[in-house]
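Undergrad: Sequence first, predicted model second:
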Amino acid sequence: MTVPGTESAPASAPVSESVAAPEALRPHAEHAFAGELKALAAADDRPRPERWRLSPWAVATYLLGGTLPDGTVITPKYVGPRRVVEVAVTTLATDRALLLLGVPGTAKTWVSEHLAAAVSGDSTLLVQGTAGTPEEAIRYGWDYARLLAHGPGREALVPGPVMRAMAQGLTARVEELTRIPADVQDTLITILSEKTLPIPELGEEVQAVRGFNLIATANDRDRGVNDLSSALRRRFNTVVLPLPATPEDEVGIVSRRVDQIGRSLDLPSVPDGTDEIRRVVTVFRELRNGVTTDGRTKLKSPSGTLSTAEAISVVTGGLALAAHFGDGVLRAGDVAAGILGAVVRDPAADRLVWQEYLETVVRERDGWKDFYRACREASA
Amino acid sequence: MSRPGAGPGTGPFLLGIRHHGPGSARAVRAALEQCRPAAVLVEGPPEADAIVHLADEEGMRPPVALLAHAADDPGRAAFWPLAEFSPEWVAIRWALARGVPVRFIDLPAAHTLALNGDDGERPTPDPADGASRTDPLAVLAAAAGYDDPELWWEDAVEHRRGADGGDALAPFAALADAMSELRTAFGEGDGSDGARDLVREAHMRLRIRDARRRFGDGIAVVCGAWHVPALAVKRTVTADRQALKGLPKVKAELSWVPWTHRRLSRRSGYGAGIDSPGWYGHLFHAPDRPLERWLTKVARLLRDEDFPVSSAHVIEAVRLAGTLAALRGRPLAGLTETTDAVRAVMCDGSDVPLALVRDRLVVGNVLGEVPDSAPATPLQRDLAGLQRSLRLKPEADARDRELDLRKDTDAARSRLLHRLRLLGVDWGEPVRPRGGTGTFRETWRLSWEPELAVRVAEASAWGTTVRAAATARAESLAAGAATLADVTALAEHCLLAGLPGALPTVMRALADRAALDTDVAHLAKALPALVRSVRYGDVRRTGVAALSEVAEGLAERVFVGLPAACAGLDADAAATMRGLVDEVHQAVALLAPEPAPDEDEAAGTGLRHRWAAVLGVLAGRDGLPGGIRGRAVRLLLDDGLLPGGHAARLMGLALSAGTEPAEAAAWIEGFLGSGGPGGMLLVHDERLLALVDDWLTGVPAGAFAGVLPLLRRTFSSFDQGTRRAVGQQIRRGGPGTGGTPPRGSGAGARLDEERAAAVLPTMRLLLGMTQQSACHRQRGAQR
């Protein structure tokens, strides 16, 4: 069965708009990396599942990076265990829904967006999960003007992102699945097991065509918000995205992302701030793990997650400060305020943790004098 | 010599394998089926030729190991573990089933053991022999584009399902070629292991030559792939003999011992260098569809542990693993893929249940068995017989076992375990029982490690049965014991282990040492263990008459020496001595039970009475540390041996103005004791509280700071209720003034006989007392 009217439906408009908007503040993955995707598609001679733009192998390469036979360099989108990406891609290829779990800032959304872009060429079929997400957001809504004028009918139906993905055999994404109320979550069960979406009002249904799949992300730090029912959980293969294993990995991730964001924001270019980035990453890792890098000193951990994503935003903010208000070089003072903001989430307890860390660890460390002073100033 | 693994009839067929590789095992079986050799030669110690036939016997269940130990030093041992999926095992079984002779061709264990010298725990050959040195496999793997040499071997060799109808020898020929390249590239015999390899290979060549002379050319040789090129080259007999000349030698004894999968895995001491014996075993056994069968096993395991895993999960896991293998370009889903699939589908991405899968399935907890006919020392046989008759099977998994010593079988089990511990075979380890402290209950944690076989062999030197060996060992320990406490501990152990035969010797040692030991502290320390032994002996119905004699003798010596030993001690020593006084007190109570009511007066000569006299001396003698004197008074008071008011008088003396405040504070600490219900005494006996109160208010200001820490330590150990009660009494105007306690505080001035009588029936029930004796006791308590 096909769904008439999806092309003309107003809800599909954002897709065409975004294509026509190269000025977008943050281009979609499929646009930002169009060149790489094209080169991969050209080089890819392996079998592709139906309606996939690339073979699973090429999708994995797209995410993990590599060099194609024709010399095109694919930048790594995800830095972490190869296994994670391979299992994720394979899950999609076996027609199972994929659940990406991890603490905030472990690139769940990032991975899901790039997977959708590489598999379906479209990462916009997105349901953002919130405590107030209604069932309509997952299934379909109604154009009430039309409904009142003409009565129930396909024309009056406004398909949601999941319904469109089903009809066109694309990859749909659900962000923050556990924030969605449990009864709304369970709407997904029929979609994932029967691969149909009934429309009882019309006595019809939409059947998913081959190529349809769903990627959900959820945060396992505050699990229990709306835990998945076991019926739903059974429909997913679960992949846990770990925090970066080594400081080197994390510095790499932060520098790369900062570079990309800086370019897209047209920040004036600032000379290599690797030293400062390394410092930020060290501070984040030490506070997160509750122990210094040399493993000698125990630390209290603040209440925030201190994810890599936050490290990235601290450095980006620092770069902007350096470029616009400073001397164009990323210095300790530029990141200090950002770090303070990221660490001190709970004004009472976290401030204490931070002060303790400053006085016991930072002050003693060789070559961190400027950083210590900057942090003192920022927290004063 | 012919090209390795050439066509049929042109033997010898050199079958290069990876030790414990299921793929190699299958390939070896196919090759043997194809070329039907006249004899099978296997890498292993030639001394084992005599016992190889046991491999085919009914009771033999792998994993097992060939154990070689030096005859005069059983602790020096080497193992050759064989799992069901080991190619060597497959070859041996194939040959035995068809009546084809089997010969081991490696360097004799006599030399290996001698060469290993003290380094007895040298693990047996690594995978593909020599992988540990320059890792030739890593080079091959890298050439094939693999990061992990194990993975490459898996894909290239282990996961190949024998090409049906093809030449079963072809893979061996290819492997041999690859190995010769590697040996050329890396050079042979570098490093210490390398030198050993050259000698071993020389010996193998000699043995192959012998075998060819005897059985003709059609023989098969199963050995590590690394050795194949060396066995194929031509060398003169003299050169090989030369290489073997002058090797050190010991007399070696060989036997089969049970082995475990856990021991095969790399993580443990005598590891055979494989990570996943359970998985290999599965690969070897699964007739078809190994992936599906494996994941079904995993699902079953998780289900048994209450994880909700359905068949649907298995289906999805199979699909994921298969596709993952395709994505990674591997011919078949391996352990990595299945593990990833299990994690993503069945475990919700968590590693916790995965650890369970790893422990139970990937490694596995299989324990092998060896037939009774296997050569064994008489002690081993005796142990096996006991294990059977007591239904106490060795198991690889650690498990707790409760023994009720009132039952005959359990008592016998306990004796066996204690005897084995005495012999250094720590099969069971006593653990604290979960509930109750009854003396008739023991909890053991049992876990049979393959190394224990060596310990049993070592212990064989002591005797031919467990009982005899343990007795001999106990006697020798008694003769060599350094301190008195050691001997008493040994005596206790002998009783637990039920070794009356050893007791006379141990007792003599004990008596000798006690007589010679002039240090009362030592004697006092030894007494409790000894007395415990007497008590346990009762529970276990062992004759302990001799023991209680020794114990009483020891107690007498303590009594005599104690007052003198307590004099002139500094604070620390006094505290230790106070602890000993407590222990001796308990020991005496155990040793000489309270006199029965009808011989009340006759008991005057008993041990208890003498102890009471000693305590009286301690309590009354000036110059002894205050803590000890206070303690002695308290012990006497608790036993009701102080006439009314006597305690108060003694306290008054100790706390009178003439006494140093510090000494007085120590006395109070000793009297009230640290911890326990000592403080209640003050709540209930106003006179005592008044004495303490008077003393405290009379301490001069200058000395108060000195006694404060001691008092604080004493009083802070009382529980909160007691402290509050004491405080309340003081606040009411002091104990002396006799203020009426407020109603409902529960602390009346006198015992309310009526209310107290209400609990007596229950107490009687609890204590199992008859009406009459209860009454008597009641009277006694009031006295």
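TA: In hand now; what should we look at?
Undergrad: residue contacts, B:Pro563?
TA: B:614, B:617-618, B:621, B:624 (C-beta atoms under 8 Å, 6 or more residues apart in numbering or on different chains). Placement of C-beta: from N, CA and C, glycine included.
Undergrad: A:Gln185 contacts A:Ser230, doesn't it?
TA: No: assessed by C-beta atoms under 8 Å, A:Gln185 is found out of contact with A:Ser230, at 11.9 Å.
Undergrad: So B:Gly278 sits against B:Asp359, correct?
TA: No: the criterion here is C-beta under 8 Å, and B:Gly278 misses it with B:Asp359 at 9.3 Å.
Undergrad: Those two - which one has more neighbours?
TA: B:Gly278 (25 against 14; other C-beta atoms under 10 Å in any protein chain shown).
Undergrad: distance of the nearest residue in space to that one that is not next to it in sequence from chain A?
TA: Nearest residue to B:Gly278 in three dimensions, chain neighbours excluded: B:Gly364, at 3.1 Å (C-beta to C-beta, 6 or more residues apart in numbering or on different chains). For B:Gly364, the distance to chain A equals 24 Å [C-beta to the nearest C-beta, to the nearest Å].
Undergrad: More neighbours: A:Gln185 and A:Ser230, which one.
TA: Taking other C-beta under 10 Å, A:Gln185 and A:Ser230 do not tie; A:Gln185 has more neighbours (25 against 10).
Undergrad: mind checking pLDDT for that one?
TA: Note on A:Gln185: pLDDT of 90.
Undergrad: what do you get for B:Arg540?
TA: 54.
Undergrad: and the longest strand seen in chain B, which residues are buried?
TA: Secondary structure of chain B per DSSP state E: the longest strand is strand B:73-82. Residues of strand B:73-82 classed as buried under the neighbour-count rule (16 or more other C-beta atoms under 10 Å in any protein chain shown) are B:74, B:76-82.
Undergrad: The stretch 401-550 of chain B: strands as residue ranges?
TA: In the stretch 401-550 of chain B, the strands defined using DSSP state E, counting those that start in this stretch lie at B:428-431, B:441-446.
Undergrad: Revised request: answer the last question for chain B.
TA: B:13-17, B:39-42, B:64-70, B:73-82, B:102-104, B:219-224, B:252-258, B:399-404, B:428-431, B:441-446.
Undergrad: The stretch 201-350 of chain A now?
TA: Going by DSSP E, counting those that start in this stretch, the stretch 201-350 of chain A shows strands at A:204-207, A:213-219, A:236-240.
Undergrad: Save the strands of the stretch 401-550 of chain B as CSV, and put in distance to B:Ser180 and mean neighbour count too.
TA: Below are those laid out as CSV (distance: least, C-beta to C-beta, whole Å; neighbours: other C-beta atoms under 10 Å in any protein chain shown):
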stretch, distance to B:Ser180, mean neighbour count
strand B:428-431, 51, 16
strand B:441-446, 50, 18
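Undergrad: Quick check: which of those is nearest to A:Gly102?
TA: Among the strands of the stretch 401-550 of chain B, the nearest to A:Gly102 by C-beta to C-beta is strand B:441-446 (39.3 Å).
Undergrad: what's the angle between that closest one and strand B:399-404?
TA: Using axes from the mean of the first three to the mean of the last three C-alpha atoms, to 10 degrees, the inter-axis angle of strand B:441-446 relative to strand B:399-404 is 160 degrees.
Undergrad: neighbouring strands for strand B:441-446, and are they parallel or not?
TA: If you go by DSSP bridges, strand B:441-446 pairs up with strand B:399-404 (antiparallel), strand B:428-431 (antiparallel).
Undergrad: so can I have TSV of these showing mean pLDDT and distance to A:Leu101?
TA: Shown next, in TSV, are these (pLDDT from 0 to 100; distance: least, C-beta to C-beta, whole Å):
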stretch	mean pLDDT	distance to A:Leu101
strand B:399-404	83	35
strand B:428-431	84	39
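Undergrad: residues contacting B:Ile105?
TA: B:Ile105 touches B:41-44, B:46, B:203-204, B:207-208, B:211, B:221, B:223, counting by C-beta under 8 Å, 6+ apart.
Undergrad: most neighbours, which of these?
TA: Busiest of the contacts of B:Ile105 [other C-beta under 10 Å] is B:Leu41, holding 31 neighbours.
Undergrad: so what's it up against?
TA: Each residue near B:Leu41 by C-beta under 8 Å, 6+ apart is listed here: B:12, B:102-105, B:207-208, B:211, B:219-223.
Undergrad: Most widely separated two among the residues you listed?
TA: B:Pro12 and B:Phe104 (15.2 Å).
Undergrad: Who has more neighbours out of these two?
TA: B:Pro12 (28 against 24).
Undergrad: isn't that one right up against B:Ile219?
TA: Yes: assessed by C-beta under 8 Å, B:Pro12 is found in contact with B:Ile219 at 4.8 Å.
Undergrad: Need the residues touching each of the two.
TA: B:37, B:41, B:208, B:211-212.
Undergrad: Give the burial count for B:Thr483, as a bare number.
TA: 14.
Undergrad: In space, what's closest to it - neighbours in sequence excluded?
TA: B:His522 (6.8 Å).
Undergrad: ok, the one you found - contacts?
TA: B:His522 touches B:483-485, counting by C-beta under 8 Å, 6+ apart.
Undergrad: Out of the residues you listed, which is nearest to chain A?
TA: B:Ala485 (40.4 Å; C-beta to the nearest C-beta).
Undergrad: What pLDDT is listed against the closest one?
TA: Value for B:Ala485, per-residue pLDDT: 76.
Undergrad: so it sits right up against B:Pro528, yeah?
TA: No: taking contacts as C-beta under 8 Å, B:Ala485 lies outside contact range of B:Pro528: 9.8 Å.
Undergrad: So what sits opposite the most centrally placed residue in chain B in the bridge?
TA: Centroid check for chain B by C-alpha atoms, centre = their mean gives B:Glu429 as the closest residue, at 4.8 Å. Taking DSSP bridges as the rule, B:Glu429 bridges to B:Arg445.
Undergrad: wait, it sits on B:Trp448?
TA: No: the criterion here is C-beta under 8 Å, and B:Glu429 misses it with B:Trp448 at 11.9 Å.
Undergrad: tell me which parts of chain B are close to chain A?
TA: Contact residues (C-beta under 8 Å from any C-beta of the partner chain) of chain B with chain A: B:308, B:310, B:312-313, B:316, B:319-320, B:323-324, B:327-328, B:336, B:340-341, B:343-345, B:347-350.
Undergrad: Please list only the buried members of those.
TA: Counted by 16+ other C-beta under 10 Å, these give B:313, B:316, B:319-320, B:323-324, B:327-328, B:336, B:340-341, B:343-345, B:347-349 as buried.
Undergrad: For the residue nearest to B:Ala666 when sequence neighbours are not counted, give me the pLDDT.
TA: Spatial nearest neighbour of B:Ala666, excluding adjacent residues (C-beta to C-beta, 6+ apart): B:Gly626 at 3.6 Å. For B:Gly626, the pLDDT comes out at 82.
Undergrad: Report the residue ranges of every domain in the chain.
TA: You didn't say which chain, so I picked chain A. Here the domain parsing of chain A from automatic domain parsing is A:10-240, A:247-379.
Undergrad: Hmm, no, I was thinking of chain B.
TA: With automatic domain parsing as the reference, chain B has domains B:13-259, B:277-363, B:378-478, B:643-737, B:756-783.
Undergrad: Make TSV from those domains and add distance to A:Ala348 to it.
TA: Shown next, in TSV, are these (distance: least, C-beta to C-beta, whole Å):
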stretch	distance to A:Ala348
domain B:13-259	49
domain B:277-363	34
domain B:378-478	44
domain B:643-737	32
domain B:756-783	53
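Undergrad: right, so of those, which gets closest to A:Leu54?
TA: domain B:277-363 (12.2 Å).
Undergrad: Count the neighbours of the residue nearest to B:Ala666 for me.
TA: 24.
Undergrad: Tell me the pLDDT of B:Asp288.
TA: 80.
Undergrad: hmm, back to that, JSON lines for the strands paired with strand B:441-446, including distance to B:Asp410?
TA: Below are the strands paired with strand B:441-446 laid out as JSON lines (distance: least, C-beta to C-beta, whole Å):
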{"stretch": "strand B:399-404", "distance to B:Asp410": "4"}
{"stretch": "strand B:428-431", "distance to B:Asp410": "13"}
